[in-house]
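1. with the input below, show me the fold.
(2 chains)
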Amino acid sequence: MSFDLRLRPIIRWPATSLLVLVICAGAPAAAEDRTWRTVDELDEEERALYDPARTTPRDSAIPYIPAEPYPFEPPYTAEEMGYRSAEFVHISRWDYALVDVFGVVTSSGYINQGATVGYIATGGRDGFKGYLHDKKAGEIYTRWLMHDTFPPENEGAQQLWLPYRTDDEFRTKMDFFIYSPQLRRVRRQPEPRRDQRFPDNSQTFDDVIGRDPWEFDWELIGTDVIYETMRFPVTRPKITLNFPGKGFVERDTSSLRPMGDEFPHYGPDGGVECWVVKATAKPEWLPGYAEKYLVLWLEKNTFYPLRQEKYGHDDRLMMIETRLAEKQNPALGEFGYAAMMTTYWNVDFDLIGYSNHDAHTLREWTEEQKDMIFTAEFMRRQWQIEPLKTQAIIDSPDQFFLRPHLSPDKFPAVRNPRLKPVVEARYRAQEAAGKLIFETGGGDAAD
Amino acid sequence: MKRTIWRCRACLLLALGAGLPVTGLGTELGNWASKFDRAMAGFNPVGKHLRQPLERAVPNLSVRGFYRNWSDFLLSESGTVGFRDQDYRFLQLQNLFELQANYHFAPGLDLRGVAHAMYDGVYDWQDSRGLFADRLDSEAKYYNTSERVLRELYLSWRRPGFDLMVGKQQVAWGKMDGQFIDIVNSMDRREAVQLETEDFTWRRLPTWMANATFHFGETSLQLLYIFDFEHDRQALPGSPWASPQLPPTSNDLVLPTRRPRAGDFGDHQYGLRVDRSAGALTYGFVYMYAWDKNPVDRVLGTATNAGQTVLRIAPRHERLHHAGITADYALTVQNVPVIESLPTVLRFEALYTNGVRFADFRKRADALAGRNTDGTSKRDTLRAAIALEFALPGRSTLILQPSWYQTINHEEELGFGFGGGIGDEWSFFPVLFFSRPFGFTRDRLSLEFTAFPLISGPDAGWSGIKTKLRLIYKFSQFVRGQLVYNGYDSGSPSDFYGQYDKWDNIGWELSYEF
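-> Numbering: from 1, shown residues only, chains lettered A, B, ... in the order given. Prediction:
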């Protein structure tokens, strides 16, 4: 039984959890419980949906994308699956407002959190199609204005992100401005380096802004069933979320499902079937990029990336990202899912980060609002036009999200999720306790 | 002496390395550090017991604030330096408490108030004859006037097309390190050469004004009508940073300074700013009809003092016309050796000032000889800077900012004037700034290094260098500490930095925000 399978019933029936944990801790996965299959083991239905072709005709106008019109028809090549997954970047490709609550915890229990009210205005049509076809490389395709509301040190700080549509010629990812209440000035900043995590955080710039699918070679490595993505500790049985129209709603953390409550494709046992693909960075598109390849678990119907692993050039596991999705834009159908919560486990530094997109509120910005709000000059006005509140900030380190499942047994030919001994010890301690264990000795070191 | 300084710098680094709960500690120490981190994670007493209950009781009210302690300590006590008796060690023991309240009346209509309480223990907590500024003006020790305690109080009305803010406020123009077009408010410069850009927001002296901005898409127009006046506060005689080159007394007969008055319409100030964004380029223009924030000694005539002929002087502020430009441009340079890509920003600012009045020492000599002159000369000045900011690997930032100060038609006999060269025709500061966080501390520890070399010409040449090394550590989301070393090296005793050669100091800052 994999960790994924094991933990799902534990969360649902906490009374039995201790016993099950004791029994299962460290037990090898039994073959009959295997949830994953390689490409060779695909069933008929899956083979009908999958096109193994590695080269397909190219678009006449944009030579680096497939000729078949997006969002493609089945059967899908691995590349097309990658393109479909690019629909679901961290900041959704439509107009809305949200409170992004984010944070990181170190192995010693130091937590650094933030909350920022964000306004998002997307140019062109909603979704990846708008990014692909409605904007030329070098044009700004979306505008994000963020007002920090937590911690007190950052209150009043603002960021304006103006990401560009890019290609192999135009590579500047965005214009970036900050407003510092201490300096009382708007300053243009250099764009962050793409593969570098933000200071005091586990997310990289590309984790936030998304990666263009044409920068990678795609390969299907199999299928899997996922039962749990975000993992709450036993010390946090409830979370208060802000739902538009409902206000603050307290939810049992065990009731939060990977694709949200309304998702119609859960299996009888609650699992979510996924394609598992490998995306290898193309050196000519991403010279010097720190990430050699990614392994992604894409929900089978929507291609929503529920889990992503990053590997370095030495094939070491660098990060695991897992998401809880929710259909936030019903008008877009299966394209309307968005990341409600995401965990980023930076394995190198054993940094566990999270981002919770609370109070996701669809908006239709008027032209006047677009002209007014999404400019550098607007930041000087220190005007939070639509205050949004959250109660999702974590109170203490022992309520922090758990490290994602490691699932070391899956796809051994492609994945090698080995941990350093000190990190592995912390991971095992966490699995046994159902919460993060900080006093492991050896301080805060990655070793 | 220099060896001692470098030893001190090394000790500072070693102390930091040993004192912080970071890597390589044994189990016991690691667990202690973990307990400390977890205890600090929730340490926010004012937030929990004041802010949160208050905001729950009055939903339209939001409150925030901080307590901050700054302490700077001289590395050595040097005795007599120029006109100073440097018999003290602490340059500041400042405790600053800020409380900020915002009340939201209606969409777009808000009231903001900011209050400060400050106490500097340098005058009470060390035995010194050289420090006596608190007896001249108690403001040196603590804020005891409503003017200083109530820092800001303004009503803001925001509509899509314009903003109007009326009341006591500060307006920061410019984007550079240092002040180029940042000319609206005066400043408390009690720390003299140690005043830093990040402290401007606490040190600016807000004034009563009406501040309106009109927005037209990518363009904005800001208009300022300032009916109040605040002058710069320089380091007082007998304060830790008073210049050792200035004699504490003068034989001249100095009359009270005539300041611009709020009740006199003719004394009011006006400002205008236009900004525009065009993709990767943003640019703007500023104009201000303002007063020089520092008075210039005007000679009224001569008098006899203890049998000597002396000057009768009336310090007065001068009207100035300021015109400036600002621009910035972003790009990512590709195919850079080793690092492949290099995100870069260029910033530029320049300010031309017309009608700056300088003390003219030849004319003062003429006045003393009985000739009819006010002892001053008018000149125009230009100050400008270009900054290149690079985002380097390792979350490191490098900024190069060459800055230029020029007095047009300069003469040797001129003293200091707004925007001009420092004691010379021109002054050049090739400022260098580098910062990076340390991954092994999970970025909780970061280092900043700044060098401010100064070259003036055509006469002075090399005029000394200021170096600043800062280590910042985040204890929690609410508490931050830092250790700072400031060094003043080389240059002659009459140079801008050289005069503070004996003022090398280390300091710490502890700040709690709620």
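
2. okay, CA-based contacts and neighbour counts for the rest of this
-> Will do.

3. and the contacts of the helix or strand where residue B:449 lies?
-> Applying DSSP states H and E as the criterion places residue B:449 in strand B:445-457. Applying CA atoms under 8 Å, 6 or more residues apart in numbering or on different chains, the contact partners of strand B:445-457 are B:421-422, B:424-438, B:461-474, B:497.

4. what lines up beside it in the sheet?
-> Applying DSSP bridges, strand B:445-457 is found paired with strand B:426-437 (antiparallel), strand B:461-474 (antiparallel).

5. gap between the shortest one and the chain center?
-> I take that to be strand B:426-437. Relative to its parent chain, strand B:426-437 has a centroid offset of 15 Å by CA atoms, centre = their mean, to the nearest Å.

6. which stretches in the stretch 51-200 of chain B count as strands?
-> B:61-74, B:79-81, B:84-86, B:90-106, B:109-120, B:150-159, B:162-169, B:186-189 (DSSP state E, counting those that start in this stretch).

7. will you turn these into a markdown table that also has distance to chain A and mean pLDDT?
-> Listed next are the strands of the stretch 51-200 of chain B as a markdown table, based on distance: least, CA to the nearest CA, whole Å; pLDDT from 0 to 100:
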| stretch | distance to chain A | mean pLDDT |
| --- | --- | --- |
| strand B:61-74 | 7 | 96 |
| strand B:79-81 | 35 | 93 |
| strand B:84-86 | 33 | 93 |
| strand B:90-106 | 11 | 96 |
| strand B:109-120 | 10 | 97 |
| strand B:150-159 | 8 | 96 |
| strand B:162-169 | 7 | 96 |
| strand B:186-189 | 14 | 97 |
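
8. can you lay out these as JSON lines showing mean neighbour count?
-> Output for the strands of the stretch 51-200 of chain B, formatted as JSON lines (neighbours: other CA atoms under 10 Å in any protein chain shown):
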{"stretch": "strand B:61-74", "mean neighbour count": "19"}
{"stretch": "strand B:79-81", "mean neighbour count": "14"}
{"stretch": "strand B:84-86", "mean neighbour count": "21"}
{"stretch": "strand B:90-106", "mean neighbour count": "18"}
{"stretch": "strand B:109-120", "mean neighbour count": "19"}
{"stretch": "strand B:150-159", "mean neighbour count": "19"}
{"stretch": "strand B:162-169", "mean neighbour count": "20"}
{"stretch": "strand B:186-189", "mean neighbour count": "20"}
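
9. which one of these lies closest to residue B:209?
-> Across the strands of the stretch 51-200 of chain B, residue B:209 has its closest neighbour in strand B:162-169 (5.6 Å, CA to CA).

10. report all helices and strands that the strand ranked longest in chain B contacts.
-> Counting residues, the longest strand in chain B under DSSP state E turns out to be strand B:340-359. Judged by 3 or more CA pairs under 8 Å, 6 or more residues apart in numbering or on different chains; DSSP states H and E, the packing partners of strand B:340-359 are strand A:185-189, strand B:296-305, strand B:319-336, strand B:376-392.

11. angle of it against strand B:376-392?
-> 170 degrees (axes from the mean of the first three to the mean of the last three CA atoms, to 10 degrees).

12. buried ones in strand B:340-359?
-> Within strand B:340-359, the residues that count as buried by 16 or more other CA atoms under 10 Å in any protein chain shown are B:341-359.

13. export that strand to PDB, keeping only CA atoms.
-> Only the C-alpha atoms of strand B:340-359 are listed here, as PDB (Å, rounded to 0.1, in the frame of the first residue of the first chain):
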ATOM      1  CA  GLU B 340      23.400  33.300 -19.100                       C
ATOM      2  CA  SER B 341      20.800  36.000 -18.400                       C
ATOM      3  CA  LEU B 342      21.000  39.200 -16.400                       C
ATOM      4  CA  PRO B 343      17.900  41.000 -15.400                       C
ATOM      5  CA  THR B 344      18.800  44.700 -15.300                       C
ATOM      6  CA  VAL B 345      17.200  48.000 -14.500                       C
ATOM      7  CA  LEU B 346      18.500  51.500 -15.300                       C
ATOM      8  CA  ARG B 347      17.400  54.500 -13.300                       C
ATOM      9  CA  PHE B 348      18.200  58.100 -13.900                       C
ATOM     10  CA  GLU B 349      17.400  61.200 -12.000                       C
ATOM     11  CA  ALA B 350      18.500  64.800 -12.300                       C
ATOM     12  CA  LEU B 351      17.600  68.100 -10.700                       C
ATOM     13  CA  TYR B 352      18.500  71.500 -11.900                       C
ATOM     14  CA  THR B 353      18.100  74.300  -9.300                       C
ATOM     15  CA  ASN B 354      18.000  77.900 -10.100                       C
ATOM     16  CA  GLY B 355      19.000  80.700  -7.700                       C
ATOM     17  CA  VAL B 356      20.800  78.800  -4.900                       C
ATOM     18  CA  ARG B 357      22.400  81.300  -2.500                       C
ATOM     19  CA  PHE B 358      25.900  80.400  -1.200                       C
ATOM     20  CA  ALA B 359      27.900  82.000   1.500                       C
END
